[in-house]
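J.: sequence and computational prediction follow.
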Amino acid sequence: MNRGRFITLEGIEGAGKTTAATFVLRWLREQGVAALATREPGGTPLAERIRQIALERGGEAVSPVTETLLMFAARALHVQNVILPALARGEWVICDRFTDATRAYQGSGRGVDPRLLDTLATAVHPELEPDCTLLFDLPAAAGLARARGRSGSNADRFEAETVSFFEKARAGYLALAKAEPNRFRVVDALAPLAEVERAVSAALSGLVHKETVA
Ligand code: TMP
């Protein structure tokens, strides 16, 4: 049996990843592809508990390195208990954020040493990289306005960050996309929904086709 494909969705807050994940899942199923949607940090019961710790506001101080370790602790559980077993069963995994998020937020946003991120990525998922990463791109101010409109006074620790933090994360994402143009597809997240969906299905149809002729 073929290993499933690993598709990741990335972007700053308010980029529309969650809506896109629902669309991707439906579109893949229409193509006859078995797929599951999951998210980070989280995706397993224990990893969801780590998510709460990583996102909650107002507790004790969490340093950028601690934040990084929490993300990778959750990721280690998720890779081992959900992602790798699903791929081995031949299912596609649609993951709302993965290690590129740590590179963008903790690396570019918070200044964590990229060598530490490389070391942790190698330890946690030595042989796993996304087959395709959809990066939903938009200016930080627009994304943050959307996200805060949704969460109101319940903004989490990240949503409470400044526009300049998200501009750094966005720049980090765009640099990653530039460095790996074959893996990344950059989607204009400000475009009308139908256009976003067209761009997403166009990006994935090549992979689906490869699968069916393999
Ligand atoms: P979400 O908004 O996609 O649900 O993600 C939760 C927050 O976690 C979001 O603000 C980005 C942040 N995050 C990181 O900072 N680093 C990571 O590695 C991941 C997966 C998420």
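T.: Perfect, I can see it now. Residues are numbered from 1 along each chain as shown.
J.: what does the helix of greatest length in the chain contact?
T.: Across the chain, the longest stretch assigned as helix under DSSP state H is helix 193-213. For helix 193-213, contacts defined as C-beta atoms under 8 Å, 6 or more residues apart in numbering pick out 2, 5, 7, 16, 19-20, 23-24, 27-28, 31, 33, 131-132, 134, 136, 185, 187-189, 191. (Each C-beta comes from the backbone N, C-alpha and C, glycine too.)
J.: and stretch 112-125, by the same measure?
T.: Here stretch 112-125 has contacts from 64-65, 68-69, 72, 75-76, 79, 99, 102-103, 106-107, using C-beta under 8 Å, 6+ apart.
J.: redo that, cut-off 7 Å
T.: Contacts with stretch 112-125, where a contact means C-beta atoms under 7 Å, 6 or more residues apart in numbering, come from Pro64, Val65, Thr68, Phe72, Arg75, Ala76, Val79, Thr99, Thr102, Arg103, Gln106, Gly107.
J.: for stretch 131-148, same thing?
T.: Outside stretch 131-148, the residues within contact range by C-beta under 7 Å, 6+ apart are 5-17, 20, 100, 155, 159, 163, 166-167, 170, 173-174, 177, 183-190, 200, 203-204, 207.
J.: hmm, try it at 6 Å
T.: Here stretch 131-148 makes contact (C-beta atoms under 6 Å, 6 or more residues apart in numbering) with 5-17, 159, 163, 166-167, 170, 173, 177, 183-187, 189-190, 207.
J.: of the residues you listed, list those near the ligand.
T.: Among the contacts of stretch 131-148, proximity to the ligand is found for Glu13 (C-beta under 6 Å from any ligand atom).
J.: shaky segments in the chain?
T.: Scanning the chain for pLDDT under 70 picks out the ranges 1, 211-214.
J.: so which bits of it are right by the ligand?
T.: Proximity of the chain to the ligand, by C-beta under 6 Å from any ligand atom, involves residues Glu13, Glu40, Pro41, Leu55, Met71, Asp96, Arg97, Ala101, Thr102, Tyr105, Gln106, Phe158.
J.: so what does the closest residue in space to the second one that isn't next to it in sequence look like in phi/psi?
T.: Right, the one you point to is Glu40. Closest residue to Glu40 apart from its sequence neighbours, by C-beta to C-beta, 6 or more residues apart in numbering: Arg97 at 4.4 Å. The phi and psi values for Arg97, taken as degrees, to the nearest 10, are phi 80, psi 150.
J.: looks like Arg97 contacts Gly42 (just checking).
T.: No: look at Arg97 against Gly42 with C-beta atoms under 6 Å: they stay out of range, at 9.2 Å.
J.: helices along this structure, start to end?
T.: 17-30, 45-55, 64-78, 84-88, 99-101, 114-124, 140-151, 163-179, 193-213.
J.: just the ones you listed: most buried one?
T.: With neighbours taken as mean count of other C-beta atoms under 10 Å, the helices of the chain reach their highest mean count in helix 99-101, at a mean of 25.
J.: right, and Gly11 touches Lys17 too?
T.: Yes: at 5.5 Å, Gly11 counts as touching Lys17 under the criterion of C-beta under 6 Å.
J.: enumerate every residue touching Leu84.
T.: Counting by C-beta under 6 Å, 6+ apart, Leu84 has no contacts.
J.: pull up the gap between it and Ser153, please.
T.: Distance, Leu84 to Ser153, using C-beta to C-beta, to the nearest Å: 39 Å.
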